[in-house]
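**Q** turn this into a structure:
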Amino acid sequence: MSAALAAGAPGSSARPKDTVIVDAKTEAIIKGALKYLASKQQASGAWGFSGEEQKRQVAMTGYTLMAMQAAGQLPGEGEYGKNVTAGMNYLLDSIGPDGLYNMRSDGQYMYSHGIATIALAELYGQTKSPTMRAKLDKAVKVIISAQATEAGHEGGWRYRPIAKDADISVTVLCLVALRAAKNGGLEVPQRTIDEAVIYVKRCQDERTGGFCYQPQRDPGFARTAAAIYSLQVCGLYEDPMVKKGSTYLFENLRDDHEWFTYGNFYAASAQYMVGGETWQKWYAKISGVLQSQVVKQGDVAYWESRGRGGVGPTFCTAVYTMILAMPYHYIPLYQR
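**A** This next block holds a predicted model:
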């Protein structure tokens, strides 16, 4: 663990919103990263140029749209409003009559379904497009119908859109997608959300306060970040599990973690919602790491792929841009 990341622990849960700001240096990086992302968009509106990213264009587009929204870019609004519109339309056009995105050969299908649906639900919440609602509703219904019913896995989700087993990583994306859709006014049974919360809570390791991939397994950084992020999105801001999980994240944050990108997508969101001193300390640490590793070429900025959860530069740049832009407070899903 690096010395820069090892220090610090969570504190107050109150949110003095002006205590964490995007300074001029960070703002320049965000602007450069947005320019980079815009330059990597495909003619179809998708993101994901080659390799693993190309195989997961639906997910890459979802992550990039989240980064754009975090920086205040909306369909037709902002410097990259046209890019957001094109990306949004790509995802909408990818949804078939059955609510499934056009990527059925993806062995981890529900990951991509989850993040794409989160991005669309957030955009719908701000546009209220009737055309968008009809397609989004189909994607949401897929998630609802795929919630596990098998003994020991009840309430969760896993790789395929079938109601069988579950794990924390897929469950969190599906649960957050449902909350985003519900916040936007779509119909989501409260029972579906309640049962998912029960599953997430069952994954906590009481000894450490961390969360496990599945109940009764070993806790980990990314799993814990995902879990407390989802609990807060469901309104459980002051839950003791969230507070213990937040402490666990501070104790286990490393800048050489193999799942650094994937884990910090959740961790930054989780600590942002905890707020106060916790968020101040977290943002200072993570932004310092990201600024030290950014690649700058003129007025363009991006990050190279890193670790097992890195996938590629588009994914890393999208996630890190979203993290750095969080003090702007533009994404409704992350607000209490």
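
**Q** any idea which helix or strand carries residue 52?
**A** helix 51-55 (DSSP states H and E).

**Q** just the mean pLDDT for that helix, thanks.
**A** Helix 51-55 carries an average pLDDT of 75.

**Q** now swap in stretch 274-286 and tell me
**A** On average, stretch 274-286 scores 96.

**Q** can you give me the strands in this protein?
**A** 211-212, 219-220, 295-297, 300-302 (DSSP state E).

**Q** got TSV for these, with distance to residue 131, mean pLDDT and mean neighbour count too?
**A** All C-beta spots, glycine's among them, are computed from the backbone N, C-alpha and C. Shown next, in TSV, are those (distance: least, C-beta to C-beta, whole Å; pLDDT from 0 to 100; neighbours: other C-beta atoms under 10 Å):
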stretch	distance to residue 131	mean pLDDT	mean neighbour count
strand 211-212	38	98	26
strand 219-220	41	96	22
strand 295-297	39	97	12
strand 300-302	33	98	21
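
**Q** now do the helix holding residue 52: which elements does it pack against?
**A** Contacting helix 51-55 under the criterion 3 or more C-beta pairs under 8 Å, 6 or more residues apart in numbering; DSSP states H and E is no other helix or strand.

**Q** dump the strands of the chain to a markdown table, plus distance to residue 252.
**A** Output for the strands of the chain, formatted as a markdown table (distance: least, C-beta to C-beta, whole Å):
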| stretch | distance to residue 252 |
| --- | --- |
| strand 211-212 | 11 |
| strand 219-220 | 8 |
| strand 295-297 | 27 |
| strand 300-302 | 27 |
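
**Q** closest to residue 335 out of those?
**A** Taking C-beta to C-beta, strand 211-212 is the member of those nearest to residue 335, at 23.3 Å.

**Q** so what's the gap between the closest one and the chain middle?
**A** From the chain centre to the centre of strand 211-212 is a distance of 17 Å (C-alpha atoms, centre = their mean, to the nearest Å).

**Q** repeat for stretch 50-70
**A** 11 Å.

**Q** list the buried residues for it?
**A** 53, 55-70 (16 or more other C-beta atoms under 10 Å).

**Q** mind checking which of those residues are in helices?
**A** 53, 55, 57-70 (DSSP state H).

**Q** hang on, the earlier thing: touching the helix holding residue 52 from outside, list them.
**A** Under the criterion C-beta atoms under 8 Å, 6 or more residues apart in numbering, residues 47-48, 60, 106, 311-312, 314-315 lie in contact with helix 51-55.

**Q** who's in contact with stretch 209-219?
**A** Taking C-beta under 8 Å, 6+ apart as the rule, stretch 209-219 contacts 152-153, 166-169, 200, 202-205, 208, 220-221, 223-224, 226-228, 241, 244-245, 247-248, 252.

**Q** got a quick ChimeraX command for the buried subset of these?
**A** Burial among the contacts of stretch 209-219 is assessed by 16+ other C-beta under 10 Å; the matching ChimeraX selection reads:
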select :153,166,167,168,169,200,202,203,204,205,208,220,221,223,224,226,227,228,241,244,245,247,248,252
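
**Q** any stretches of the stretch 1-150 of the chain with poor pLDDT?
**A** 1-18, 104-107 (pLDDT under 70).

**Q** quick one: closest of the strands of the chain to residue 35.
**A** strand 300-302 (5.3 Å).
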